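Novice: Show me the folded form of this:
(chains A and B)
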2 protein chains.
Amino acid sequence: MLIKNKKAVVLLSGGLDSATVLGMAHGEGFQCYALTFKYGQRHQQEIGAAKRITTFFKVSEHRVVDIDLVGFGVSSLIDLALEVPKDRANLDDSAQIPSTYVPARNTIFLSFALGWAEVLGAFDIFIGVNAMDYSGYPDCRPEFITAFEKTANLATAAAVQGKGRYRIHTPIINMTKREIILTGTKLGVDYSLTHSCYDPDEQGRSCGRCDSCRLRLKGFAEAGFEDPIEYVKK
Amino acid sequence: MLIKNKKAVVLLSGGLDSATVLGMAHGEGFQCYALTFKYGQRHQQEIGAAKRITTFFKVSEHRVVDIDLVGFGVSSLIDLALEVPKDRANLDDSAQIPSTYVPARNTIFLSFALGWAEVLGAFDIFIGVNAMDYSGYPDCRPEFITAFEKTANLATAAAVQGKGRYRIHTPIINMTKREIILTGTKLGVDYSLTHSCYDPDEQGRSCGRCDSCRLRLKGFAEAGFEDPIEYVKK
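Specialist: Numbers count the residues shown, from 1 in each chain, chains lettered A, B, ... in the order given. Coordinates of the predicted model:
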């Protein structure tokens, strides 16, 4: 059954996962409000990808919020002085949290999404976290999402006044990359618009060697599709 | 017993409450890292007050983080088109949430504090929320703080790897304004440095009529002290 006239805030990085999640929310009939963060990423390709995806899905509104995480910089994703890890062994080893981890990132992102949702009168927030093929980030696990959802329903006037109950949707949390790509492809997600690489070259081509590229390439291989984006090395 | 060599992140608005909380963390012996947000407040006096207070307490570091809440603007605290409510009846009526409420504000603030704490290797976060004399904000209640603390301990690598447990300290949550002022005065907090008014005049004088001014003036009266700051109307 299609949902009508119901707003949702969708966190959108510009990567494969969040593009699929936007496709899923859109497919369910939500009026989508996309939220992207500019937080001193090493590359701006993600923002460009997010813009292209929102145009593709004709979202109701797209906000790009500038936040100052660079000042806190301990992550190689935002600190140019650190190297993005390449060809890392044990991609699935959750005990080993890589340097691309950004402290409290999803907590910060969900907090902003919650604020915007309350302003919009929306109670549905979509986030493309994934606990299967993930890189060991603690804030991608279901127990974190459940705790945040509970916090959201205590934090806001709309919830406390009984206007609704916030729900954090994580539709791909238990999917493999293969399943994500198969789901998105069925929904018509154009993956050529997305960007996943942590360390693209000057022409914007993906490195093919960081965790993000390798998980993506593995997913496409397993799904039996050709990844439509350009790589330096596949 | 004094705590030695233990870092704490202290949220500091520049108001009376958070200045007292900084005084309390400092008094307990924490190395204090103060965090202030610039989020399109109607007035910049708060930031100036926060700077003066951090100098007074010789904090280890003071960060002022710029965040874009204006785009989400539904609060009269940040939206210049809305009027700050004056001489409001039922100051203590929690069913009536005033227009100065900013959606998800404390969730956003605590998320940033958590990120910085993880970078610093700190596990103690202080916030000056108050559930007694408060203006009906849901994110000032103990149940919200408890839920956020639980979220924090699931969100972060440091907690998941067992390096420590995050604690959100709310030392004034059950104090009246009178008790806060008495506590701060005992600790040597210089309240002439603080700023509480939602709607100061051009010379920076407090209006004396918004919720924040009225709660403050009532607190000083009950504590038996003269409020050292300047008012347009007392």
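
Novice: Quick one: the strands in chain A, in order.
Specialist: A:7-11, A:31-38, A:61-66, A:124-126, A:167-169 (DSSP state E).

Novice: Out of those, the one nearest A:Y101 is which?
Specialist: The closest of these to A:Y101 is strand A:31-38. By CB to CB, the value is 15.7 Å. C-beta coordinates here come from the backbone N, C-alpha and C atoms, glycine included.

Novice: Report the angle between the closest one and strand A:7-11.
Specialist: Angle of strand A:31-38 versus strand A:7-11, following axes from the mean of the first three to the mean of the last three CA atoms, to 10 degrees, is 30 degrees.

Novice: Need the residues that contact strand A:31-38.
Specialist: Contacts to strand A:31-38, defined as CB atoms under 8 Å, 6 or more residues apart in numbering or on different chains, come from residues A:5-14, A:22, A:25-26, A:44, A:46-47, A:50, A:53-54, A:57, A:59-67, A:109, A:112-113, A:116, A:120, A:122.

Novice: Is A:R216 in contact with A:Y191, as I believe?
Specialist: No - if you go by CB atoms under 8 Å, A:R216 and A:Y191 don't touch, sitting 9.1 Å apart.

Novice: So for those two, which sits in the more crowded spot?
Specialist: Neighbour count, other CB atoms under 10 Å in any protein chain shown: between A:R216 and A:Y191, A:R216 has more, with 28 against 20.

Novice: Not counting sequence-adjacent ones, nearest residue to that one?
Specialist: A:S196 (4.8 Å; CB to CB, 6 or more residues apart in numbering or on different chains).

Novice: what do you get for A:R141?
Specialist: A:A131 (5.4 Å).

Novice: ok, now which ones touch the one you found?
Specialist: Residues in contact with A:A131 (CB under 8 Å, 6+ apart) are A:140-142, A:173-174.

Novice: where does it fall, phi/psi-wise?
Specialist: phi -100, psi 0 (degrees, to the nearest 10).

Novice: Quick check: the gap between it and A:D17.
Specialist: For A:A131, the distance to A:D17 (CB to CB, to the nearest Å) stands at 12 Å.

Novice: ok, now A:E179?
Specialist: Taking CB to CB, one finds A:E179 at 11 Å from A:D17.

Novice: between the two, which one's more packed in?
Specialist: Counted by other CB under 10 Å, A:E179 and A:D17 do not tie: A:D17 has more neighbours, with 28 against 18.

Novice: what's the closest non-adjacent residue to the more buried one?
Specialist: A:G128 (3.8 Å).

Novice: Can you read off the pLDDT for the one you found?
Specialist: We note a pLDDT of 96 for A:G128 in this prediction.

Novice: re earlier: shared neighbours of A:R216 and A:Y191, anything?
Specialist: Common neighbours of A:R216 and A:Y191 (CB under 8 Å, 6+ apart) are A:16, A:227.

Novice: residue contacts, A:Y191?
Specialist: By CB under 8 Å, 6+ apart, the contact list for A:Y191 reads A:16, A:19, A:181, A:184-185, A:227-229.

Novice: quick check, distance from stretch A:125-144 to the centre of its chain.
Specialist: 10 Å (CA atoms, centre = their mean, to the nearest Å).

Novice: Put the alpha carbons of it into CSV.
Specialist: The C-alpha trace of stretch A:125-144 is given here as CSV (Å, rounded to 0.1, in the frame of the first residue of the first chain):
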residue,chain,number,x,y,z
ILE,A,125,13.4,9.6,9.3
PHE,A,126,15.3,7.3,6.9
ILE,A,127,19.0,6.5,7.3
GLY,A,128,21.1,4.2,5.2
VAL,A,129,23.1,2.5,7.9
ASN,A,130,24.1,-1.1,7.2
ALA,A,131,25.2,-3.6,9.8
MET,A,132,26.2,-6.4,7.4
ASP,A,133,28.8,-5.1,5.0
TYR,A,134,29.8,-2.3,7.4
SER,A,135,33.3,-1.2,8.3
GLY,A,136,33.0,-1.6,12.0
TYR,A,137,31.3,1.7,12.8
PRO,A,138,29.4,1.4,16.2
ASP,A,139,26.8,4.0,15.1
CYS,A,140,25.6,1.7,12.3
ARG,A,141,24.2,-1.0,14.6
PRO,A,142,20.5,-1.6,15.3
GLU,A,143,21.0,-1.1,19.1
PHE,A,144,22.3,2.4,18.4
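
Novice: Any buried residues in that stretch, and which?
Specialist: Neighbour-count burial for stretch A:125-144 flags A:125-141, A:144 (criterion: 16 or more other CB atoms under 10 Å in any protein chain shown).

Novice: Please report how far the closest residue to A:R205 other than its chain neighbours lies from chain B.
Specialist: With sequence-adjacent residues excluded and distances taken as CB to CB, 6+ apart, A:R205 is closest to A:E230, at 4.6 Å. Per CB to the nearest CB, to the nearest Å, A:E230 is found 32 Å from chain B.

Novice: pull the longest helix from chain A.
Specialist: The single longest helix within chain A, with elements called by DSSP state H, is helix A:105-120.

Novice: can you tell me if that one touches chain B.
Specialist: Yes - if you take CB under 8 Å from any CB of the partner chain as the test, helix A:105-120 does meet chain B, through A:105-108, A:110-112, A:114-116, A:118-119.

Novice: Tell me the most packed of those, by neighbour count.
Specialist: A:L110 (32 neighbours).

Novice: which residues sit in contact with that residue?
Specialist: By CB under 8 Å, 6+ apart, the contact list for A:L110 reads A:11, A:125, A:127, A:148, A:152, A:168, B:111.

Novice: Hmm, the fourth one is touching A:T107, no?
Specialist: Yes - contact status for A:F148 versus A:T107: in contact at 6.8 Å, counting by CB under 8 Å.

Novice: okay, and the common contacts of these two?
Specialist: B:151, B:155.

Novice: burial of A:K233, as a residue count?
Specialist: Applying other CB under 10 Å, we find 9 residues neighbouring A:K233.

Novice: A:T55 too?
Specialist: Counted with other CB under 10 Å, residues neighbouring A:T55 total 11.

Novice: Could you measure from it over to B:I172?
Specialist: Taking CB to CB as the measure, A:T55 falls 48 Å from B:I172.

Novice: A:E118 now?
Specialist: Plainly put, A:E118 is 26 Å away from B:I172 if you go by CB to CB.

Novice: all helices for chain A, in order.
Specialist: Going by DSSP H, chain A shows helices at A:16-27, A:45-56, A:105-120, A:142-155, A:157-160, A:177-186, A:211-223.
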